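Asks: no FASTA, just this:
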């Protein structure tokens with residue numbers, strides 16, 4: 001279906017609003033990575049289904065901005081007749097506006113969808129052009145999106161302390177201590193996973209992420225104001241929240257920001273949008289631009305959360321192993337497609353009886369589609385699994401005790417020598433990171449090159465970060481921990497890794513037009529001690545599922561790498577074997593036998 005009429009209608013709406021252009025980001029008023037159906041403005045206007053991107057529409061041109069993960073995907077989903085493709089971070093939206101905006105032009109933006117930092121940068125770029133950045137009261141996309149879905153009405157549910165590990169009162173007391181240290185009277189929490197974690201509640205407003213559209217303001221005495229649609233609060237949640245949590249309608253939040261005259265209010269400049277800072281300042285508050293205090297606390301998992309993740313990983317790994325066995329058996333006969341595989345994998349996970357959701361849209365990619373790291377199969381792009389291809393499946397589950405994310409690759413038929421060489425190099429990088437030992441204070445960015453070195457040795461690389469943080473029945477992409485260079489997607493200021501953090505370990509290789517390879521396990525940062533040395537940190541691998549033997553060139557592996565692989569596969573059998581029937585266990589034992 002051509003989306004050109006939508007772009008035409010949008011330009012007409014901009015003209016009515018006396019705007020020469022408008023910026024459309026892929027986010028919501030909470031700066032979320034994954035957003036509800038009602039906030040999918042970029043997808044509606046452009047057709048782009050990725051999870052990161054922006055667009056700019058001017059009167060005579062339009063551009064869509066995506067990073068290296070979506071180079072192929074954006075060209076498949078967004079019409080080149082209507083849109084120019086612009087790569088970031090090589091070019092930013094602000095820099096592009098500074099070149100393409102007509103002199104004297106008025107460029108609109110929604111202050112509930114951008115940070116103050118972005119506004120300052122864009123305004124400076126436009127002023128250098130003699131143009132103006134204009135905040136709008138109503139988003140013009142909404143004016144032409146006639147069938148825009150209503151916001152979700154999913155109820156909140158309690159996350160019991162038996163799974164959260166720490167009660168909400170204790171978490172709020174920790175925030176109160178932080179407020180006392182910083183001299184602030186309150187902190188505004190806007191990140192949906194922060195609110196869910198602090199209050200020990202979960203929701204269903206965003207696909208794949210169990211959060212509810214809400215805001216919270218935590219005061220120095222440990223009490224809080226929660227802004228959420230009233231019909232989301234049932235008796236069980238109301239009782240759980242107790243008297244220390246004052247309830248208000250979600251729509252009352254903006255006005256409430258004007259009630260802090262003379263107070264010192266903390267807000268996160270990366271997670272709170274420009275409109276929040278503007279309204280606090282207009283109301284007379286002194287705004288402290290500080291990182292959300294929940295971010296680090298949430299990232300360091302407590303013992304109950306870690307135990308829950310281990311349990312979730314075991315059942316999830318077994319479900320994936322059953323799926324891989326099924327694909328291996330069924331693919332030679334033909335008839336499998338990317339989407340039929342998605343459905344079958346979901347069937348195996350659902351059979352656990354405790355699956356709440358997938359943790360993201362499953363990346364089921366065969367052949368050339370695998371070369372797009374964040375490919376999303378649709379009925380239009382759905383491809384059959386065919387002889388000579390590599391099939392890549394990146395998927396995860398949301399369970400009440402943990403969030404999983406794992407990638408495996410298997411050949412359909414006989415892989416080429418090049419495929420096996422590249423797969424082995426990716427495996428070597430995966431092992432190098434999994435076995436890294438490092439001192440406290442080391443950042444993920446400093447470790448990233450461990451995973452790239454085997455590819456770099458032959459002039460190859462991959463255009464995404466090596467690892468992201470993972471939540472505890474929360475967001476599958478969680479900060480502040482990450483393993484990525486500053487100039488890569490997922491990069492930026494790098495956080496020192498701390499014991500208790502969970503991250504992904506997912507190096508890859510992608511050959512455009514042919515195949516993609518990625519091996520992903522989740523890893524836990526843990527303390528390591530040495531008899532004659534200082535305390536160090538290392539990783540415990542949490543994900544257990546066989547790594548495809550037929551793609552490994554054993555001769556390329558060192559003795560230490562072979563030992564790691566054999567030890568890992570022995571653990572796979574021990575961890576997930578009891579979740580399988582006898583025939584499945586026999587298949588697993590063969591897959592996990594010592595490497596020849």
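Replies: Received it, and whenever you're ready, just let me know what you need. On a predicted model such as this, the values are computed, not experimentally measured, just so you know.
Asks: Read off the pLDDT value for the residue sitting furthest away from the middle of the chain.
Replies: Each residue of the chain has a distance to the centre, and by Cα atoms, centre = their mean the biggest one is for residue 532: 39.8 Å. On pLDDT, residue 532 comes in at 78.
Asks: Give the helix, strand or coil label for it.
Replies: Assigned state for residue 532: coil (three-state reduction, DSSP: H, G, I helix; E, B strand; the rest coil).
Asks: State the number of residues packed around the closest residue in space to residue 205 that isn't next to it in sequence.
Replies: Computed as Cβ to Cβ, 6 or more residues apart in numbering, the closest residue to residue 205 that is not its neighbour in sequence is residue 152, at 4.0 Å. (Each C-beta comes from the backbone N, C-alpha and C, glycine too.) Residues lying near residue 152 (other Cβ atoms under 10 Å) number 18.
Asks: so which strand or helix has residue 152?
Replies: Assigned by DSSP states H and E, residue 152 belongs to neither a helix nor a strand.
Asks: what's the distance between residue 384 and residue 391?
Replies: Distance, residue 384 to residue 391, using Cβ to Cβ, to the nearest Å: 11 Å.
Asks: Now for the two: what residues contact both?
Replies: residue 366 (Cβ atoms under 8 Å, 6 or more residues apart in numbering).
Asks: Which one's more surrounded, those two?
Replies: Set residue 384 next to residue 391 and count neighbours by other Cβ under 10 Å: residue 391 wins out with 27 against 15.
Asks: Verify the stated contact: the more buried one with residue 409.
Replies: Yes. The criterion here is Cβ atoms under 8 Å, and residue 391 meets it with residue 409 at 6.9 Å.
Asks: Common neighbours of these two, please.
Replies: Shared contacts of residue 391 and residue 409 (Cβ under 8 Å, 6+ apart): residue 370.
Asks: Now for residue 111, how many residues are close by?
Replies: 19.
Asks: any idea whether the residue nearest to it when sequence neighbours are not counted is helix, strand or coil?
Replies: Spatial nearest neighbour of residue 111, chain neighbours left out: residue 275 (4.0 Å); criterion: Cβ to Cβ, 6+ apart. Three-state call for residue 275 (three-state DSSP): helix.
Asks: contacting residues around residue 275?
Replies: 29, 111, 112, 135, 254.
Asks: Save those as a markdown table, and put in pLDDT too.
Replies: Shown next, in a markdown table, are those (pLDDT from 0 to 100):
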| residue | pLDDT |
| --- | --- |
| 29 | 94 |
| 111 | 97 |
| 112 | 97 |
| 135 | 97 |
| 254 | 97 |
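Asks: possible to save those residues as TSV with secondary structure and distance to residue 443?
Replies: Shown next, in TSV, are the contacts of residue 275 (DSSP: H, G, I helix; E, B strand; the rest coil; distance: Cβ to Cβ, whole Å):
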residue	secondary structure	distance to residue 443
29	coil	30
111	coil	32
112	coil	32
135	strand	36
254	helix	37
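Asks: For residue 377, see how far away the residue nearest to residue 111 is.
Replies: 36 Å.
Asks: Check residue 299 too.
Replies: For residue 299 relative to residue 377 (Cβ to Cβ), the value is 31 Å.
Asks: between the two, which one's more packed in?
Replies: Taking neighbours as other Cβ under 10 Å, residue 299 and residue 377 compare with residue 299 leading, 24 against 21.
Asks: For the residue nearest to residue 205, give me its contacts.
Replies: 36, 37, 38, 204, 205, 206, 213.
Asks: helix, strand or coil for residue 270?
Replies: Applying three-state DSSP: residue 270 is coil.
Asks: nearest spatial neighbour of it, skipping sequence neighbours?
Replies: Computed as Cβ to Cβ, 6+ apart, the closest residue to residue 270 that is not its neighbour in sequence is residue 115, at 6.5 Å.
Asks: Spit out the contact partners of that neighbour.
Replies: By Cβ under 8 Å, 6+ apart, the contact list for residue 115 reads 31, 269, 270, 272, 273, 274.
Asks: Might one say that the fourth one is in contact with residue 190?
Replies: Right, the one you point to is residue 272. Yes. Contact criterion Cβ under 8 Å: residue 272 and residue 190 qualify, at 4.7 Å.
Asks: Quick check: neighbours shared by those two?
Replies: residue 31.
Asks: Neighbour count: these two, which is higher?
Replies: Between residue 272 and residue 190, residue 272 has the larger neighbour count (other Cβ under 10 Å), namely 26 against 22.
Asks: re the thing from before, and the gap between the residue nearest to residue 111 and residue 440?
Replies: 39 Å.
Asks: Look up phi and psi at the most centrally placed residue in the chain.
Replies: For the chain, residue 477 is the residue whose C-alpha lies nearest the centre (Cα atoms, centre = their mean; 3.1 Å). Backbone torsions of residue 477, given as degrees, to the nearest 10, read phi -120, psi 100.
Asks: For the closest residue to it other than its chain neighbours, the count of nearby residues, please.
Replies: Nearest non-adjacent residue to residue 477, counting by Cβ to Cβ, 6+ apart: residue 468, 5.0 Å away. Using other Cβ under 10 Å, residue 468 is surrounded by 24 other residues.
Asks: Max pairwise distance over the contacts of residue 115: which two?
Replies: Within the contacts of residue 115, two members stand farthest from each other by Cβ to Cβ: 270 and 274, at 11.9 Å.
Asks: Those two: which has the busier surroundings?
Replies: Legend: neighbour count by other Cβ under 10 Å for residue 270 and residue 274, higher for residue 274 (21 against 17).
Asks: Drop anything exposed from the contacts of residue 152.
Replies: Among the contacts of residue 152, those scoring as buried are 36, 38, 204, 205, 206, 213 (criterion: 16 or more other Cβ atoms under 10 Å).
Asks: Show me the two of those residues that sit farthest apart.
Replies: Among the buried ones among the contacts of residue 152, 38 and 204 lie farthest apart (Cβ to Cβ), at 13.7 Å.
Asks: and residue 153, what is it in contact with?
Replies: 229, 231, 232.
Asks: Distance of the residue nearest to the second one when sequence neighbours are not counted relative to residue 233?
Replies: Think residue 231. Leaving aside its sequence neighbours, residue 231 sits nearest to residue 153 (Cβ to Cβ, 6+ apart; 6.3 Å). When distance is defined by Cβ to Cβ, residue 153 is 12 Å away from residue 233.
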